Structures are given as C-alpha cells and as structure tokens.
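Undergrad: Generate coordinates for the sequence data below:
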Amino acid sequence: MTRRSPDWRFLATLASISLVGPLAIHMFLPAMPVIKSVFAISDALVGLTYSAALLVMAVSTLIYGSLSDRYGRRPVLLAGLFLFTLGSFVSGMADSVYGLIAGRVIQALGAGCGVTLARAIARDAYGTEGLVKVIAYLTMAYTLGPMLATLFGGMLIDMAGWRSLFWLAATSGLLIATASWGMLYETHPKDESRRKTSGFVHDFVALFSHLRFTAFVLQTGFSSGLFYAMAAAASFLMKDYLGRSATEFGIYFMAFPVGFFLGNLLSSRLSQRFGIENMVLAGSVVNFLAIVLLSASILAGYLSPLVIFIPGFLITFGQGIALPNAQVGAMRVIPSLSGTAAGIGVFFQSFLGAVFAQTYSLLADGTPIPMVVIVLTGAILTLAAGVIPFVLEHRGRAAPGGPVR
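TA: Next up is the predicted model:
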C-alpha cells in the first residue's frame with residue numbers, strides 16, 4: 001500500500017471529517033430553549049433531542065470502525081456522510097419534536113463515521129512513524145470544534161433561526177462528502193476472508209485480550225470523562241457560586257482549548273523522540289498533579305476563576321500530550337483492526353464523558369466539593385491506566401501475541 005507524507009489537502013480533508021459531526025452535535029445546545037418554546041414541550045423531551053443523538057453517535061463509532069475493517073474505509077465513510085446529510089435535512093424540515101428527534105438520530109448515526117474513520121485512514125496512510133503528529137492535528141480539530149460550537153451556534157440562531165443550524169450541517173455534509181470523494185483514496189481494501197469468518201464480537205474480544213489496548217482506551221476515556229465533568233461544574237460554579245457572567249465564563253473557558261492545543265503541539269514534536277508510552281504517562285502525570293492542585297486549593301477554602309482555570313489549563317495541557325499518543329497506541333496493537341480500535345476509543349471517550357458529566361449533575365449541591373470528588377477520582381483512574389503501557393513497555397511484557405511494535 002502506498003504511503004504518503006502528510007499533505008495539507010489530505011490532512012485538511014481528514015480534519016474536516018473529524019470536525020463536522022461533533023460540531024453539528026454540540027452546536028445544537030443553544031437551540032434547545034428555542035425548540036422548547038417553538039414546540040411547547042417539556043424539559044425532558046427537549047433534552048432527548050440532545051441525549052439520544054449523543055448515545056447513537058457513541059454507539060455508531062463502534063459500528064463504523066468494524067465495518068471499515070471489512071469493507072474498506074471509503075465506501076463506509078461516504079455512506080456515513082450521506083446519513084449525516086440526510087439527517088440534517090430531516091431535522092431542518094421537522095414540524096414536530098418527534099420528527100426532530102428522528103432527524104437527530106439519523107444525523108448522529110452518520111456523524112459517528114467522522115472521527116473514527118479519520119483516525120483509521122490516517123493510520124493506514126501514514127503508518128506508525130508519522131501517525132502521532134497527524135492524530136494530534138485531528139484531535140485538535142475534534143476537540144476545539146465542540147468547544148467553540150456553542151458560541152457559534154448561538155450567533156447563528158440569533159441571525160437566522162434554529163433551522164439554520166441544520167441547513168449549515170447539511171451543506172457541510174455535502175461539501176465534506178465531495179472533498180472525501182475527490183481527495184481520499186482507499187487506504188484499507190476490503191478483506192473477503194475477514195468478512196466471512198470474523199464478527200464484531202470476535203474483533204472486540206481480540207482487542208480487549210491485550211492489556212495494553214485496554215489501558216490505552218481507558219486512559220482516553222477517563223481523561224475525557226473528568227474533563228466533561230469539570231467543564232459542566234465550572235459553568236455552574238462561575239454563575240451560581242461566584243456570580244460571574246456568561247461572558248466572563250466564556251473568556252476564562254478559553255484556557256481549556258488553549259491548553260489542549262499547546263499539549264497537542266508539544267506531543268506532535270516530541271512523540272517520535274520519547275515514545276508513545278512515555279508521552280502517555282507524562283501527560284497523565286501532568287493531568288494528575290494539576291487536579292491535585294485544584295483540589296487542594298478548593299479544600300483549603302479558596303475558590304475563584306483563577307483557582308479553577310489555571311489548573312484547568314494544566315489539565316487540558318496534559319490531556320493534549322497524552323490523548324493522541326494513547327489513541328495511536330490503541331490502534332497499533334492489532335493493525336488489521338485499527339478501524340475497530342479507533343471506534344472503540346471514540347466510544348469510550350463519548351460514553352465516559354457522558355457518565356462523568358451526568359454523575360456530577362446528580363451529585364451537584366451548589367458547592368465545589370462534588371467536582372473535586374469526581375475529577376480527583378477521574379485523575380487517579382487516568383494515571384493508573386497511563387502507567388500500565390509504560391510498565392509493559394519497559395519490562396518487555398507485551399500483550400498476548402507478542403510485542404506490538
């Protein structure tokens with residue numbers, strides 16, 4: 001298979017594939033109060049328009065990864081982008097909340113193809129040596145997009161109404177599909193023998209039989225989980241506990257994407273020199289120490305925007321170092337299942353992110369203590385998962401089947 005050096009057009013296409021799904025999903029947040037009013041529905045029902053889409057998107061990442069390992073990346077990607085575009089049109093034309101939910105489910109089912117297949121295609125096209133750098137770029141697109149989507153979505157709603165979100169998403173889907181058709185060659189031809197003899201469950205069992213894979217996936221999942229819990233908590237603490245405005249929160253919140261961006265940048269430059277396992281551990285340690293600083297400050301009675309967001313910057317900086325390396329580490333355990341591995345990784349990030357955020361919502365009592373408990377627990381679990389690949393690498397105890405490199 002022909003390997004290509006990173007090319008700006010190829011990378012731009014992969015980045016846009018990674019971005020369009022999460023951007024459309026998260027851009028919907030500021031539309032929820034408007035939709036509640038337009039359709040005269042309950043909080044629970046309008047919440048379903050968001051939560052159902054997130055759940056379907058998380059599950060679909062597993063399906064796309066495995067399907068692409070069997071039938072090739074390109075046809076599966078184009079099918080997913082078609083569903084995304086179709087779902088966006090259905091949502092934009094909905095005349096009831098149930099039609100909107102149906103459209104959102106179709107949209108989310110298609111959106112799951114993006115980040116999963118972008119990572120798998122990158123792994124196929126660039127190989128192990130250049131992959132961490134490429135994954136770092138894709139992770140920046142996947143992470144920075146949702147962070148900015150809420151603000152952009154609110155502006156678009158004010159200018160053109162809530163349906164404009166879905167017209168933009170549908171247009172984006174068509175443009176990305178066109179770019180993918182023209183720019184992305186097939187990097188993983190279909191495997192007839194695997195189509196006949198192997199199943200989804202077999203692939204999952206094969207991957208999770210490797211301790212190294214399990215550790216990498218859990219590291220990314222726990223890391224994402226504590227971030228989503230902290231982001232949710234910070235918004236409530238800034239408004240209700242500290243009495244700060246939404247504008248101030250938005251300004252301080254930029255510390256998160258800036259930290260993640262800088263961590264990704266450092267990761268792309270140092271990973272080949274120091275190795276994946278060392279970078280994952282280093283990022284996990286930075287993440288843990290920053291959360292210890294946050295927790296100690298709050299337990300000592302200090303709480304201000306800087307107490308939250310200076311450690312927050314360091315937390316996301318550590319995550320920016322660790323996440324792209326952990327994602328690459330998971331995909332290289334069984335190269336023939338890299339698509340499935342990418343899908344599992346994205347699923348755990350989305351699923352544990354939802355679990356941690358919802359857990360905070362259930363425990364929230366108007367004080368910062370629930371946040372401390374949840375993020376400190378997440379930091380301990382993240383560090384534990386980050387240590388395992390480091391130990392396996394330096395002791396020479398690879399997962400079943402021998403060394404993964």
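Undergrad: Please name the residues that touch residue 51.
TA: Contacts for residue 51 (CB atoms under 8 Å, 6 or more residues apart in numbering) come out as none. Using the backbone N, CA and C atoms, a C-beta is placed for each residue, glycine as well.
Undergrad: Show the subsequent helix or strand relative to the least confident helix or strand in the chain by mean pLDDT.
TA: Sorting the helices and strands of the chain by mean pLDDT, DSSP states H and E puts helix 192-197 at the bottom, at a mean of 49. Note on helix 192-197: by DSSP states H and E, the next helix or strand toward the C-terminus is helix 200-208.
Undergrad: Check what contacts that following helix and list those residues.
TA: Against helix 200-208 from outside (CB under 8 Å, 6+ apart): 62, 63, 66, 69, 213, 214, 333, 334, 337, 340, 341, 344.
Undergrad: correct me, but the fourth one touches residue 188?
TA: Yes. Taking CB atoms under 8 Å as the definition, residue 69 is a contact partner of residue 188 at 7.0 Å.
Undergrad: Those two: which is more packed in?
TA: Counted by other CB atoms under 10 Å, residue 69 and residue 188 do not tie: residue 69 has more neighbours, with 28 against 23.
Undergrad: for the stretch 301-405 of the chain, which spans come out with low pLDDT?
TA: Applying pLDDT under 70 to the stretch 301-405 of the chain flags residues 396-405.
Undergrad: how about the helices in it?
TA: 305-331, 338-363, 369-395 (DSSP state H, counting those that start in this stretch).
Undergrad: just to revisit the earlier point, for the contacts of helix 200-208, which single residue is the most surrounded?
TA: Neighbour counts for those, by other CB under 10 Å, peak at residue 341, which reaches 34 neighbours.
Undergrad: Spit out the contact partners of that one.
TA: By CB under 8 Å, 6+ apart, the residues touching residue 341 are 65, 207, 213, 330, 331, 333, 334.
Undergrad: repeat for residue 85
TA: By CB under 8 Å, 6+ apart, the residues touching residue 85 are 110, 169, 170, 173, 174, 177.
Undergrad: and which of those residues is nearest to residue 56?
TA: For the contacts of residue 85, the minimum distance to residue 56 (CB to CB) is 9.7 Å, reached by residue 110.
Undergrad: gap between the closest one and residue 117?
TA: Distance from residue 110 to residue 117, counting by CB to CB, to the nearest Å: 11 Å.
Undergrad: The two: who's more crowded?
TA: Applying other CB under 10 Å to residue 110 and residue 117 shows that residue 117 carries more neighbours, namely 32 against 27.
Undergrad: Residue 182: neighbour count?
TA: For residue 182, the neighbour count with other CB under 10 Å is 10.
Undergrad: That one sits in which helix or strand?
TA: With DSSP H and E as criterion, residue 182 is part of helix 163-183.
Undergrad: Measure how far that helix is from the centre of its chain, please.
TA: For helix 163-183, the separation from the chain centroid amounts to 20 Å (computed by CA atoms, centre = their mean, to the nearest Å).
Undergrad: State the mean pLDDT of that helix.
TA: Mean pLDDT, computed over helix 163-183, is 88.
Undergrad: Show me which parts of that helix are buried, residue by residue.
TA: The neighbour-count check on helix 163-183 (16 or more other CB atoms under 10 Å) flags 163-170, 172-174, 176-177, 179-180 as buried.
Undergrad: Looking at those, spot the one nearest residue 312.
TA: Distances from residue 312 to the buried residues of helix 163-183, taken by CB to CB, are shortest for residue 165, at 27.9 Å.
Undergrad: which residues touch the closest one?
TA: Residue 165 makes contacts with 24, 27, 28, 31, 92, 153, 156, 157, as judged by CB under 8 Å, 6+ apart.
Undergrad: Kindly indicate the member of those with the most neighbours.
TA: Result: residue 24 is most packed of the contacts of residue 165 (other CB under 10 Å), 31 neighbours.
Undergrad: Sweet, I'm off.
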